[in-house]
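# Dropping the sequence and predicted coords here.
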Amino acid sequence: PCSFCHARSTRSQPATRMYANKSRRSVSLYARSVNCKAVFMQDSARGRLSHVIFVLNLPVPDDRRVWHEAMAVRDAGRPVRVYCPAMKGHRAGRRVVDGIEVVYLRSFEGRGSIGVVLEGVWNTLLCLFHAFGFRASAVGSVQACNPPDSLFPVLALCRARGIRTIYDQHDVAPAMASMRPGLRRLRWLFDWCERLTVRASDVVVTSSQSQQTRLRERYDVEALLIRSATAPPQSLPRSGTDTCRLAYLGVIGAQEGLDDLLDAVDEIGGSVDGVAFELVVAGDGPYLAPLRERASAMGLDEIVRFPGWLSGDALAEFFPSVDAMVVADPPSEYNHHCAMNKVLDGMAHGIPVVMRPLRENLALTGDHRWVAAGWTVDDLASTIADFVRSTPAERDEEGARLSARYEANLQWTRQADAYVAAVDAAAATAGGDRT
């Protein structure tokens, strides 16, 4: 039988004979639904229960946290499958990527409060359709990642069938919704979905200390802290230019404080005490086009660049070209809880971070030098100017301190061991591997 769906009929008939009288299209649909892939049949023969991951807001490998989790489980010898939306150039369908089966779901990106809710409902129904084929004899654990917190029906179904369930809380979704005016009035719905997701989970995993504390206080749940993986540092020479280059990397949304960042850059001008600088805003998202238009209207085309979403070699070459990462996110419930990837990226690559004093980011970086004194645009502009004035030796010293802190506490190899141990423990309590 297939290692995921246990696709053997009660009469032990081959699928081809059972469906010989169906049309070719029906046979194809059946073959896809029972997931009879040779690589996973081999894994089933070895007796390892499989791990399934659902993530709805980004595809893999673009979602680096989920992709590193999947690779860690694969490297531990357990078959793994990821369900994710078909976006950012990925076509809907099933493919094997680096030994991991990935199912790209035919999804859409909802606009406005109604569109976001419809997107969540649609994606959840797709995942629920696939989950109906799971059996505890083949699947040991199912992991649901947020946002959104809409996958509790999938977790509840799997749990009822004896499959262990894991909730990986990337973000505090109710707090995230409160930052968007169109969704603020639906905060009660997001709170309700989060509560049901926690209740449907055997294990809860989270990415920040603040979220771990919140889960304990709100739901009396002791979540496992697994920091997100960063892009692995490459041994590439750092580019040497006379221009100080600051960078933002990530999703470009209205809540990321990028308007404040443009205002701060505009306040400073193109140089500080004769030292020229530029800002690179790398990423993609719903606010990219308005942000680019605003930068042009402010006359910042010579200072601010928008290279788009970076991955692979382009991302590896990006970090050596940067003098500092900039984190301009404003104060909010969501931002204070969030361990931001752009901060972890800077630390992993030994790049200083110029940032506002968000609680979780301060916990990550420790006694960091370039932290704004407050939340105003003037405070941010002053901190950016202070960094531009700094000497290369000062930047290297701070970058080395952040890198050492990352290596000692945050590097993915340390996180991966704890994550795989949690998946293995879940599979064992689901009935155990058949080895």
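Received it, and whenever you're ready, just let me know what you need. Numbering: from 1, shown residues only.
# only C-alpha atoms for contact and neighbour calcs from this point on.
OK.
# check contacts around Ala295.
By CA atoms under 8 Å, 6 or more residues apart in numbering, the contact list for Ala295 reads Leu262, Asp301, Val304.
# contacting residues around the second one?
Shown in contact with Asp301 (CA under 8 Å, 6+ apart): Ala295.
# What is the three-state secondary structure of it?
Three-state call for Asp301 (DSSP: H, G, I helix; E, B strand; the rest coil): coil.
# can you pull the pLDDT of the spatially closest residue to Asp260 that is not a sequence neighbour?
Distances taken as CA to CA, 6 or more residues apart in numbering put Val377 closest to Asp260, at 5.9 Å, once the chain neighbours are dropped. pLDDT for Val377: 96.
# Also Val353?
pLDDT, read off for Val353, is 96.
# Regarding the closest residue to it other than its chain neighbours, what are the backbone dihedral angles?
Distances taken as CA to CA, 6+ apart place Met325 nearest to Val353, at 4.7 Å, with adjacent residues excluded. Dihedral pair for Met325: phi -90, psi 140, per degrees, to the nearest 10.
# For Met325, give me its contacts.
Leu246, Ala247, Tyr248, Leu249, Lys342, Val343, Gly346, Ile351, Pro352, Val353, Val354.
# Could you tell me which of these belong to strands?
Counted as lying in strands by DSSP state E, out of these, are Leu246, Ala247, Tyr248, Leu249, Val353, Val354.
# of those, buried ones?
Those of the ones in strands among the contacts of Met325 that meet the buried threshold are Leu246, Ala247, Tyr248, Leu249, Val353, Val354, by 16 or more other CA atoms under 10 Å.
# Without its sequence neighbours, what residue ends up closest to the third one?
Leaving aside its chain neighbours, Tyr248 sits nearest to Val281 (4.8 Å; criterion: CA to CA, 6+ apart).
# need the contact list for the one you found.
By CA under 8 Å, 6+ apart, the contact list for Val281 reads Ala247, Tyr248, Leu249, Val304, Arg305, Phe306, Pro307, Gly308.
# try it again with 10 Å
Listed by CA atoms under 10 Å, 6 or more residues apart in numbering, the contact set of Val281 reads 246-252, 258, 288, 291-292, 304-309, 326.
# Check Leu225 too.
By CA under 10 Å, 6+ apart, the contact list for Leu225 reads 168-169, 204-209, 211-212, 415, 418-419.
# Quick check: the residue lying closest to Thr230 once chain neighbours are set aside vs Ser210, distance?
The spatially closest residue to Thr230, leaving aside those adjacent along the chain, is Asp345, at 5.5 Å (CA to CA, 6+ apart). The gap separating Asp345 from Ser210 is 19 Å, by CA to CA, to the nearest Å.
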